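*Asks:* kindly return the folded structure for what I paste below:
(2 chains)
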2 protein chains.
Amino acid sequence: MKVVTDISEMAALSVERRRRGWTIGFVPTMGYLHKGHLSLVRLARERARWIVASVFVNPTQFGPGEDYDQYPRDRERDRALLEAEGCDVMFFPSAEAMYPHGFSTTVSVGDLAEKLCGRSRPGHFDGVATVVLELLNIVRPDLAVFGEKDAQQLAVIRRMVSDLNTGVEIVGGPTVRESDGIAASSRNAYLSPEERKQATCLVHALEKAQDLVRSGETRAESVVEAMRRVIESEPLARIDYVSVVDPESLEDLEVLPREALAALAVRVGDTRLIDNVRLVPGE
Amino acid sequence: MKVVTDISEMAALSVERRRRGWTIGFVPTMGYLHKGHLSLVRLARERARWIVASVFVNPTQFGPGEDYDQYPRDRERDRALLEAEGCDVMFFPSAEAMYPHGFSTTVSVGDLAEKLCGRSRPGHFDGVATVVLELLNIVRPDLAVFGEKDAQQLAVIRRMVSDLNTGVEIVGGPTVRESDGIAASSRNAYLSPEERKQATCLVHALEKAQDLVRSGETRAESVVEAMRRVIESEPLARIDYVSVVDPESLEDLEVLPREALAALAVRVGDTRLIDNVRLVPGE
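*Replies:* Numbering: from 1, shown residues only, chains lettered A, B, ... in the order given. Here you go, the predicted model:
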């Protein structure tokens, strides 16, 4: 596996592979890889001939006071994990190369970015959309894989890629969970043992929502209330949002006549965690 | 010459030409073509094997109360002119295809878009940047040619294309002038004979600026004042702005130690006209 730090070198490698007729799969990450990321690399590998994973902790998607500085980083560990997974290139650009002096372009996706996480993280999805577009332009993949755990991010990127006619297929990879049910996330590393235990309230709340819908509940408000109660039973957990929304528009739903997304963000101690599941009435 | 209205068909044609190893040159226009546009097609032709010109009056770059509805349109005339110039494809998408239901992405270039024309046309350059990026993604050219007459647009697009690593070369085409000196523009069609006569004050003001700099004037303020006086001598002309700025950052300059851009926007009757020249001290 090649480690590439230079943007022009990355772009030239992709051009060369495309000339050979190879399909290119891309997995953008912020590194500190876990089994969720690695499942995305495997998914890309099933679908494309040549696989690029980027490792870039993107400063513009962190707000003031958020965890940009302490976000966990381990380039050598990431390199070893990607290599073992059969990735062809680890793209590892610097912030100075991605945002050179004078950089001033922002890509925004409008309403989609204002909902859910957008409320407590203003500007976050502009940062995500902008860096993903830049990465897609450098790597020029046929397909790019993103985790469904970050459901709003996936919706934002699908919207941007479709609106701007980038011609890249966006593939969602199912959320990978730890043995205790918690969604794999680099931020799980922040949790103390007690916090980790209480953090299972996120997945328990989502399971509760699925149970309710399975047993015929169609009022979103009742589902949300039940989820809130599960989370509020843990003393270290503070709700940022608990919502039942349309999976594409992310608009709040009142009734569940069709597929919906139950999504939540919860602080456990100082760590903000997110998770979601699909709710399919009648399933 | 082929006329293509469908976005997927346009994208597929480009993919096919690129597969042949042909270079692709692109000239985005809003149609109602004049000799300025045709000079850009010729410039593209000198540099690329296969030439696409788009004709699309982009609604999102017009503000409320601006001239979107009355902007002149003549598809058949445009087709004939492009064909005569040796253009290979006229891309003529509909607004519904470029902005389908749910479209919500905006590309902004920050400060650059707020200056000069951005002050009186808020949102204009977001509309320009977004549509140009969408067009570049569809046509996937090696190079795209824009007129230097729209100096701020050119600066905005250079910034966006560089920031987002689109890998497209942006080429500026020199302003083409009518026999009376007025910069070729589709909006010249709005001018009455008397307005047309008074509209020459734009180019006269710019010539005055060049004369002053040639004779040693280095204070931007004096140059601006002299330009304002030329324009104010015409009763139908109302200044929107008269500025001497850095050609890249578009920041106002106080002194002229190096190349600058003299740029102005003037309403003549109801028609808003823009023009600019380079000021090169010592030339």
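*Asks:* nearest spatial neighbour of A:A189, chain-adjacent residues omitted?
*Replies:* The shortest distance from A:A189 to any residue other than its chain neighbours is 5.3 Å, reached at A:P72 (Cβ to Cβ, 6 or more residues apart in numbering or on different chains). Glycine gets a C-beta too; all of them are placed from N, C-alpha and C.
*Asks:* right, and that neighbour touches A:H34 too?
*Replies:* No. The pair A:P72 / A:H34 is not scored as a contact, 10.2 Å apart, by Cβ atoms under 8 Å.
*Asks:* not counting its own residues, what contacts the helix or strand hosting A:L40?
*Replies:* Assigned by DSSP states H and E, A:L40 belongs to helix A:35-47. With Cβ atoms under 8 Å, 6 or more residues apart in numbering or on different chains as the test, helix A:35-47 has contacts from A:23, A:25-27, A:29, A:51, A:53, A:81-82, A:85-87, A:143, A:145-147, A:149, A:171, A:173-176, A:183-185.
*Asks:* show me what counts as buried in it.
*Replies:* Applying a neighbour-count criterion of 16 or more other Cβ atoms under 10 Å in any protein chain shown, the buried positions in helix A:35-47 are A:G36, A:H37, A:L38, A:S39, A:L40, A:V41, A:R42, A:L43, A:A44, A:R45.
*Asks:* please apply the same query to stretch A:166-183.
*Replies:* A:T166, A:V168, A:I170, A:V171, A:G172, A:G173, A:T175, A:V176, A:E178, A:I182, A:A183.
*Asks:* partner residues bridging the third one?
*Replies:* By that I understand A:I170. A:A144 (DSSP bridges).
*Asks:* and A:E259, how many residues sit next to it?
*Replies:* Counted with other Cβ atoms under 10 Å in any protein chain shown, the neighbours of A:E259 add up to 14.
*Asks:* which phi and psi does the nearest residue to it once chain neighbours are set aside have?
*Replies:* Distance criterion Cβ to Cβ, 6+ apart; nearest residue to A:E259, sequence neighbours excluded, is A:V280 at 5.2 Å. The phi and psi values for A:V280, taken as degrees, to the nearest 10, are phi -120, psi 100.
*Asks:* does A:V280 touch A:R214 like I think?
*Replies:* No. Contact criterion Cβ under 8 Å: A:V280 and A:R214 do not qualify, at 9.0 Å.
*Asks:* still on that earlier bit, so which pair among the buried residues of helix A:35-47 is furthest apart in space?
*Replies:* Distances among these were taken as Cβ to Cβ; the most separated pair is A:G36 and A:R45, at 15.3 Å.
*Asks:* state whether A:E66 is indeed within a helix.
*Replies:* No. Read with DSSP: H, G, I helix; E, B strand; the rest coil, A:E66 is coil and lies in no helix.
*Asks:* can you pull the contacts of the closest residue to A:K2 other than its chain neighbours?
*Replies:* Spatial nearest neighbour of A:K2, excluding adjacent residues (Cβ to Cβ, 6+ apart): A:V89 at 4.9 Å. Taking Cβ under 8 Å, 6+ apart as the criterion, A:V89 is in contact with A:M1, A:K2, A:V3, A:V4, A:M10, A:L13, A:W50, A:I51, A:V52, A:A53.
*Asks:* tell me which of those fall in strands.
*Replies:* A:K2, A:V3, A:V4, A:W50, A:I51, A:V52, A:A53 (DSSP state E).
*Asks:* what secondary structure does A:G172 sit in?
*Replies:* Under three-state DSSP, A:G172 falls in the strand class.
*Asks:* got a pLDDT number for it?
*Replies:* Looking at A:G172, its pLDDT stands at 98.
*Asks:* and if you look at A:E283?
*Replies:* For A:E283, the predicted pLDDT is 67.
*Asks:* then A:T166?
*Replies:* Confidence score, pLDDT, at A:T166: 97.
*Asks:* if I look at A:E16, how far off is B:E169?
*Replies:* 19 Å (Cβ to Cβ, to the nearest Å).
*Asks:* correction: A:M1
*Replies:* 32 Å.
*Asks:* re the thing from before, dump the ones in strands among the contacts of A:V89 into JSON lines; add neighbour count and distance to B:C117 as well.
*Replies:* Listed next are these as JSON lines, based on neighbours: other Cβ atoms under 10 Å in any protein chain shown; distance: Cβ to Cβ, whole Å:
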{"residue": "A:K2", "neighbour count": "13", "distance to B:C117": "45"}
{"residue": "A:V3", "neighbour count": "14", "distance to B:C117": "45"}
{"residue": "A:V4", "neighbour count": "19", "distance to B:C117": "40"}
{"residue": "A:W50", "neighbour count": "22", "distance to B:C117": "44"}
{"residue": "A:I51", "neighbour count": "25", "distance to B:C117": "45"}
{"residue": "A:V52", "neighbour count": "30", "distance to B:C117": "40"}
{"residue": "A:A53", "neighbour count": "29", "distance to B:C117": "42"}
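*Asks:* ok so the residue nearest to A:A189 is a strand residue?
*Replies:* No. Secondary structure of A:P72 (three-state DSSP): coil, not part of a strand.
*Asks:* if I pick it, what's in contact with it?
*Replies:* Counted by Cβ under 8 Å, 6+ apart, A:P72 has contacts A:G31, A:Y32, A:S186, A:A189.
*Asks:* show me the residue at the heart of chain A, geometrically.
*Replies:* Taking Cα atoms, centre = their mean, the centroid of chain A lies closest to A:D150, which sits 3.3 Å from it.
*Asks:* which stretch of helix or strand covers A:R278?
*Replies:* If you go by DSSP H and E, A:R278 is part of strand A:271-279.
*Asks:* pLDDT on that strand, on average?
*Replies:* Average pLDDT, strand A:271-279: 97.
*Asks:* same deal with stretch A:56-75?
*Replies:* 96.
*Asks:* same thing with stretch A:111-121?
*Replies:* Mean predicted confidence for stretch A:111-121 is 94.
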